[in-house]
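*Asks:* turn this into a model:
(one chain, ligands or ions: 2)
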Amino acid sequence: MLDTPFYIACLKLTGRRCVVVGGGEIGLEKVEGLLACDARVVLIAPDANAELQRLAEEGSIEWVRKRYERGDLEHTFMAIAATNDTDVNIAVYNDAEARAMLVNVVDVPPLCNFILPAIVRVGPLAIAISTAGASPALAKRMKTQIAETYGEEYARLAVMLNDVRGWAKGTLPTYQDRKAFFEDIVNGDPDPIELIRNGDEAAVLELIAAAQRAHEPTTA
Ligand SMILES: C[C@@]1(CC(=O)O)c2cc3[nH]c(cc4nc(cc5[nH]c(cc(n2)[C@H]1CCC(=O)O)[C@@](C)(CC(=O)O)[C@@H]5CCC(=O)O)C(CC(=O)O)=C4CCC(=O)O)c(CCC(=O)O)c3CC(=O)O
Ligand SMILES: NC(=O)C1=CN([C@@H]2O[C@H](COP(=O)(O)OP(=O)(O)OC[C@H]3O[C@@H](n4cnc5c(N)ncnc54)[C@H](O)[C@@H]3O)[C@@H](O)[C@H]2O)C=CC1
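*Replies:* Numbers count the residues shown, from 1 in each chain. Ligands and ions are numbered 1, 2, ... in the order given. All right, here's what the predicted structure looks like:
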């Protein structure tokens, strides 16, 4: 798989039907990952562990208590198979592929048209680490190291920069102008990340205001 050039993207799952087949520990892990992204999760499995049953009872997921059938993929955006039955996993893959649907069979690379990276999430930041399947254990180790480097201060700066995007789009006429404006702040002196680390958000706001003054077109 190392020669597969994976195209990395961020998917919007909000409200979309995502089917998880298999109600064990691994199925639960996948259900939780999808719920965290506001997907409409449908679990297909004849039995499910206690936590999945709880999620179904509270209405967070729909549990269809039966064995998988092809029709379960109707109107579905993504399918994840986590059963202990290889034939079922192959069927899910084939049925999904026939419909050009996104499909991941957990830990079976030949039965995946997408694979899952290890992810560091802090606020709006998401850093994905993939080894193209070479070593999930290494991806996990890197996740821990990256989480130590890119913490709350980066997430906070992202939010502060988002707050000024409207101004930039409304005021600065070209893409080049907006790029220069944002790069001035991000790579600014003083370093905005250091300022946030030191608890001085007021100084970051001042850095942003100074960049606004410097970049605003003159109306004379
Ligand atoms: C191809 C891929 C397809 C897919 O499942 O999407 C795949 C395949 C396989 N995984 C295997 C093993 C392990 N997988 C993990 C853990 C994770 N695996 C994940 C992703 C992926 N795993 C995709 C590639 C990702 C990439 O590298 O780009 C993570 C990142 C994300 C997630 O699953 O959500 C998640 C860490 C999440 C986190 O902690 O953040 C651990 C560690 C552990 O369990 O703690 C081990 C044991 C140690 C080891 O093997 O390294 C095996 C052998 C099975 C066997 O030996 O029986 C195969 C199959 C094979 O190698 O043929
Ligand atoms: N548990 C673990 O730590 C790991 C497990 N795996 C593999 O991932 C798979 C899932 O693991 P677990 O969740 O632990 O397994 P599990 O055995 O606890 O759960 C399997 C689930 O699949 C369901 N299932 C079986 N036939 C089905 C069918 N025809 N239609 C729908 N659902 C069906 C079962 O009802 C059960 O809910 C297994 O193949 C396992 O070998 C891989 C890596 C680690």
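*Asks:* where do the strands sit along this protein?
*Replies:* 17-21, 40-44, 62-64, 78-81, 102-105, 118-122, 125-129 (DSSP state E).
*Asks:* okay, these in a markdown table with mean pLDDT next?
*Replies:* Listed next are these as a markdown table, based on pLDDT from 0 to 100:
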| stretch | mean pLDDT |
| --- | --- |
| strand 17-21 | 98 |
| strand 40-44 | 98 |
| strand 62-64 | 98 |
| strand 78-81 | 98 |
| strand 102-105 | 98 |
| strand 118-122 | 95 |
| strand 125-129 | 96 |
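*Asks:* of these, which is nearest ligand 1?
*Replies:* Across these, ligand 1 has its closest neighbour in strand 118-122 (3.6 Å, C-beta to the nearest ligand atom). The way it works is simple: take the backbone N, C-alpha and C, and place the C-beta from them, glycine included.
*Asks:* so where do the helices sit in the protein?
*Replies:* Secondary structure of the chain (DSSP state H): helices at 25-35, 50-57, 86-98, 136-149, 152-163, 165-171, 175-186, 192-197, 201-215.
*Asks:* TSV please, covering the strands of the chain and showing distance to ligand 1 and mean neighbour count.
*Replies:* As requested, these are exported to TSV (distance: least, C-beta to the nearest ligand atom, whole Å; neighbours: other C-beta atoms under 10 Å):
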stretch	distance to ligand 1	mean neighbour count
strand 17-21	12	25
strand 40-44	15	23
strand 62-64	21	17
strand 78-81	9	25
strand 102-105	5	22
strand 118-122	4	17
strand 125-129	7	15
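*Asks:* same list, those, but as CSV with distance to ligand 2 please.
*Replies:* Formatted as CSV, these follow (distance: least, C-beta to the nearest ligand atom, whole Å):
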stretch, distance to ligand 2
strand 17-21, 5
strand 40-44, 5
strand 62-64, 9
strand 78-81, 8
strand 102-105, 9
strand 118-122, 15
strand 125-129, 18
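*Asks:* now those strands in CSV, with distance to residue 72?
*Replies:* Below are those laid out as CSV (distance: least, C-beta to C-beta, whole Å):
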stretch, distance to residue 72
strand 17-21, 6
strand 40-44, 5
strand 62-64, 7
strand 78-81, 8
strand 102-105, 12
strand 118-122, 27
strand 125-129, 28
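*Asks:* list the buried residues for stretch 44-55?
*Replies:* Burial within stretch 44-55, assessed by neighbour count using 16 or more other C-beta atoms under 10 Å, is assigned to 44, 45, 48, 52, 53, 55.
*Asks:* nearest to ligand 2, out of these: which one, please.
*Replies:* Using C-beta to the nearest ligand atom, the buried residues of stretch 44-55 come closest to ligand 2 at residue 45, 3.9 Å.
*Asks:* so the closest one touches residue 19, yeah?
*Replies:* No. The criterion here is C-beta atoms under 8 Å, and residue 45 misses it with residue 19 at 10.6 Å.
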